[in-house]
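Asker: quick one: sequence and predicted model below, then my questions.
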Amino acid sequence: MDQFLQHLVNAMVLGGAYALLGIGLTLIFGIMNVVNFTHGALYTFGAYAMYLASTALGMNFFLALPFAIVAGLALGALLELTLLRPLRGADIDTTMLVMIGAGIILQSGTLWIFGGVAKAIPSPFPDAPLQFAGVSISWLRLFVLLAAAALIALAYAMINGTRLGRAMRATFQDADTAALMGVNVRLIYTATFALGSSFAAAAGALLGPVYVVFPQMGDLAAVKAFAIVILGGLGSIAGATIGGFVLALAEEFGAGYVSSGYRDAMGFLIIIAVLLMKPTGLFARAERVG
Amino acid sequence: MLEIRDLECGYGPVAALKGISLDVGEGELVALIGANGAGKSTTLRTISGLVKPRAGTIRFRREDIAGADPARILSLGIAHCPEGRRVFPYMSVADNLAMGAYLRKDPIQVREDYDRVYSDFPRLAERRHQSAGTLSGGEQQMLAIGRALMSRPKLVMFDEPSLGLAPTIVEQTLRIIKAIRDGGATVLLVEQNAFAALELCDHAYLIETGRVVKRGLGPELIADPHVREAYLGG
Ligand SMILES: Nc1ncnc2c1ncn2[C@@H]1O[C@H](COP(=O)(O)OP(=O)(O)OP(=O)(O)O)[C@@H](O)[C@H]1O
Ligand SMILES: [Mg+2]
């Protein structure tokens, strides 16, 4: 039983970060329809921004996190303005190849600047874990869970409750009509890509201190992000949130009760099962953003 | 109020408008009629800035708006209620109306306008939290009209508001459009239902393959042999 609860707690921590990764990609891939091969690189970028801020730049850990998220926002905006905006209307193969190229450049750049050796991000929390009802959780992981929950809540509030969020939803449901309402559609595309990127960066910045930071860390994260989005249904924020937690649960319990070697395979088994039974993902069209 | 001269535009190499000139005076209800593919929607889309003109001028209250941004054109007071209603299907009725007021910075008056739309269209009030995509065709048309009015436009352009609606709803829709004009707005109306449009309007333009081929008062066009033959079923 304790074992079970421990896995559950671990899965919640991981799931929060996965949900952020998935929400970011569902905005870009599910709604903007950009097959985004830079998502993993943005995850890595967030982790390195966190590393740089809390070591070389000497920032406080709690300041380094928003710094990394804003850096992800800025890099996302830059990618959209320089690569995607000129390519709007180009065919999907062209866009996809350019995004693959951008992903490779970002990853190689990271390798070139920081080297291939894994880095650790110093944690400001006490080493002794928190013990409760036979379950132990480190202060750092608890913080990761709370921060992820706060960011997920922020994403919901932004998309459902603000003027910008409404304009985003309108644009992705019907861009021409949104333009007739006075929406600057090109700005919305940039904002959405930047926002999606910042969520990937946030996931990297949160999981970076839990594990270690290395240039290829985004590869598996990107594959998982796509899996989460497909699992939750393209374009569904709620689906991406739940998908993130489902994947984390499958990984934790798969690793715990089946074989730890299968941790990264577990999620994919679930996804294959979902795609066989419900190819549109767990969430129906009616709950989609765009 | 609106003055269009020699307007030309196209989609890629295909010319859609080949020199359209038309005038809409303050407070008038002007109809644009013509067959499928004549260029009626393209004319409205060019006025509202969705399509960029290749040549010609569009003046609205003496300001040249040809090629301007849709947001700028809307903020000058031109609203466009598009063909096929085009409500945002996965957004609530209330959010659709909010989109109509997207550029407005006067929240108190916007509130009043919501209340006005809801009292004019009680069906929308009942369904304000429902997704627009779940409304009936007639309700969606009311929403599209309400949404266009949320910008407090001086000129409202309607593109085939009766398309695909039941006859009683068509009548109701045309009555609403007349009421909008009587309420002080200027209306440019595109209609397939040529007879209804000609009866309703002050004057009208007949468009064929991207050109204005006739203009006149409603009754004049109703009496015109060519119009009778081609558009009013003989
Ligand atoms: N998006 C587009 N791409 C290419 N050609 C287009 C496009 N939209 C319209 N056209 C062409 O431009 C011409 C004018 O079309 P438009 O939609 O303005 O006609 P319309 O008078 O509104 O017709 P309808 O009564 O069918 O709505 C047509 O020949 C049409 O095929
Ligand atoms: Mg048309």
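Answerer: Alright, I've got the coordinates. Numbers count the residues shown, from 1 in each chain, chains lettered A, B, ... in the order given. Ligands and ions are numbered 1, 2, ... in the order given.
Asker: output the below-cut-off pLDDT ranges for the chain.
Answerer: The chain I'm using is chain A. Chain A contains residues with pLDDT under 70 at A:1, A:267, A:283-290.
Asker: sorry, I should have been clearer: chain B.
Answerer: In the predicted model, chain B carries pLDDT under 70 at residues B:234.
Asker: what residues sit buried inside the longest helix seen in it?
Answerer: For chain B, the helix that runs over the most residues, judged by DSSP state H, is helix B:167-182. Judged by neighbour count using 16 or more other Cβ atoms under 10 Å in any protein chain shown, the buried positions of helix B:167-182 are B:Ile169, B:Val170, B:Gln172, B:Thr173, B:Leu174, B:Ile176, B:Ile177, B:Ile180, B:Arg181. Glycine gets a C-beta too; all of them are placed from N, C-alpha and C.
Asker: same list, the residues you listed, but as TSV with distance to chain A please.
Answerer: Converted to TSV, the buried residues of helix B:167-182 look like this (distance: Cβ to the nearest Cβ, whole Å):
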residue	distance to chain A
B:Ile169	21
B:Val170	22
B:Gln172	23
B:Thr173	19
B:Leu174	22
B:Ile176	19
B:Ile177	18
B:Ile180	17
B:Arg181	20
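Asker: any idea which of those residues is closest to B:Asp23?
Answerer: Using Cβ to Cβ, the shortest approach to B:Asp23 within those belongs to B:Arg181, at 16.1 Å.
Asker: circling back: name the helices or strands packed onto the longest helix of chain B?
Answerer: For helix B:167-182, the packing partners by 3 or more Cβ pairs under 8 Å, 6 or more residues apart in numbering or on different chains; DSSP states H and E come out as strand B:29-33, helix B:137-149, strand B:186-190, helix B:194-200.
Asker: residue contacts, the spatially closest residue to B:Asp69 that is not a sequence neighbour?
Answerer: Distance criterion Cβ to Cβ, 6 or more residues apart in numbering or on different chains; nearest residue to B:Asp69, sequence neighbours excluded, is B:Gly49 at 5.7 Å. Residues in contact with B:Gly49 (Cβ atoms under 8 Å, 6 or more residues apart in numbering or on different chains) are A:Ala179, B:Ile65, B:Gly67, B:Ala68, B:Asp69, B:Pro70, B:Arg72, B:Ile73.
Asker: now swap in A:Ala49 and tell me
Answerer: A:Ala64, A:Phe67, A:Ala68, A:Ala71, A:Gly72, A:Ala201, A:Ala205.
Asker: ok, now A:Ala167?
Answerer: Residues near A:Ala167 by Cβ under 8 Å, 6+ apart: A:Ala178, A:Val183, A:Ile188, B:Met99, B:Tyr102.
Asker: how about whichever strand or helix holds it: buried residues?
Answerer: Using DSSP states H and E, A:Ala167 sits in helix A:163-173. Within helix A:163-173, the residues scored as buried using 16+ other Cβ under 10 Å are A:Leu164, A:Gly165, A:Arg166, A:Ala167, A:Met168, A:Arg169, A:Ala170, A:Thr171, A:Phe172, A:Gln173.
Asker: export the residues you listed to JSON lines and tack on distance to B:Glu160?
Answerer: JSON lines is the format used below for those (distance: Cβ to Cβ, whole Å):
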{"residue": "A:Leu164", "distance to B:Glu160": "32"}
{"residue": "A:Gly165", "distance to B:Glu160": "31"}
{"residue": "A:Arg166", "distance to B:Glu160": "27"}
{"residue": "A:Ala167", "distance to B:Glu160": "26"}
{"residue": "A:Met168", "distance to B:Glu160": "29"}
{"residue": "A:Arg169", "distance to B:Glu160": "26"}
{"residue": "A:Ala170", "distance to B:Glu160": "22"}
{"residue": "A:Thr171", "distance to B:Glu160": "24"}
{"residue": "A:Phe172", "distance to B:Glu160": "25"}
{"residue": "A:Gln173", "distance to B:Glu160": "21"}
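Asker: I'd like to know how far the residue nearest the centre of chain B sits from A:Gly235.
Answerer: Most central in chain B under Cα atoms, centre = their mean is B:Phe158, positioned 1.7 Å from the mean C-alpha point. Per Cβ to Cβ, to the nearest Å, B:Phe158 is found 31 Å from A:Gly235.
Asker: around ligand 2, pick out the residues from chain B.
Answerer: By Cβ under 5 Å from the ion, the part of chain B that sits against ligand 2 consists of B:Ser41, B:Glu83.
Asker: 6 Å instead, please
Answerer: With Cβ under 6 Å from the ion as the criterion, chain B comes near ligand 2 at residues B:Lys40, B:Ser41, B:Glu83, B:Asp159.
Asker: returning to that earlier point: CA atoms of the helix holding A:Ala167 as PDB?
Answerer: Taking C-alpha atoms only, helix A:163-173 is exported to PDB below (Å, rounded to 0.1, in the frame of the first residue of the first chain):
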ATOM      1  CA  ARG A 163      -9.500  38.900 -24.100                       C
ATOM      2  CA  LEU A 164      -6.300  37.400 -25.600                       C
ATOM      3  CA  GLY A 165      -7.500  33.900 -24.800                       C
ATOM      4  CA  ARG A 166     -10.800  34.600 -26.500                       C
ATOM      5  CA  ALA A 167      -9.100  36.000 -29.500                       C
ATOM      6  CA  MET A 168      -6.900  32.900 -29.700                       C
ATOM      7  CA  ARG A 169      -9.900  30.600 -29.600                       C
ATOM      8  CA  ALA A 170     -11.700  32.700 -32.200                       C
ATOM      9  CA  THR A 171      -8.700  32.800 -34.500                       C
ATOM     10  CA  PHE A 172      -8.200  29.000 -34.500                       C
ATOM     11  CA  GLN A 173     -11.900  28.300 -35.100                       C
END
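Asker: residue of the stretch 51-200 of chain A nearest ligand 1, please.
Answerer: Closest residue of the stretch 51-200 of chain A to ligand 1, Cβ to the nearest ligand atom: A:Asp176 (9.7 Å).
Asker: and for the closest residue to that residue other than its chain neighbours, the neighbour number?
Answerer: Ranked by Cβ to Cβ, 6+ apart and with sequence neighbours excluded, the top spatial neighbour of A:Asp176 is B:Leu50, at 5.8 Å. The number of residues packed near B:Leu50 is 18, by other Cβ atoms under 10 Å in any protein chain shown.
Asker: gap between B:Leu50 and ligand 2?
Answerer: 13 Å (Cβ to the ion, to the nearest Å).
Asker: so that residue sits against A:Ala179, correct?
Answerer: Yes: under the criterion of Cβ atoms under 8 Å, B:Leu50 makes contact with A:Ala179 at 6.3 Å.
Asker: buried ones in stretch A:216-233, by neighbour count?
Answerer: For stretch A:216-233, a neighbour-count test (16+ other Cβ under 10 Å) marks A:217-218, A:221-222, A:224-233 as buried.
Asker: please see if it touches chain B.
Answerer: No: against chain B, stretch A:216-233 shows no contacts by Cβ under 8 Å from any Cβ of the partner chain, the least distance being 12.8 Å.
Asker: can you give the distance from that stretch to the centre of its chain?
Answerer: 8 Å (Cα atoms, centre = their mean, to the nearest Å).
Asker: for B:Thr209, which non-adjacent residue is closest in space?
Answerer: B:Ala38 (6.3 Å).
Asker: still on that earlier bit, just put the buried residues of helix A:163-173 in a markdown table and tack on distance to ligand 2.
Answerer: As requested, the buried residues of helix A:163-173 are exported to a markdown table (distance: Cβ to the ion, whole Å):
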| residue | distance to ligand 2 |
| --- | --- |
| A:Leu164 | 32 |
| A:Gly165 | 31 |
| A:Arg166 | 28 |
| A:Ala167 | 26 |
| A:Met168 | 28 |
| A:Arg169 | 26 |
| A:Ala170 | 22 |
| A:Thr171 | 23 |
| A:Phe172 | 24 |
| A:Gln173 | 21 |
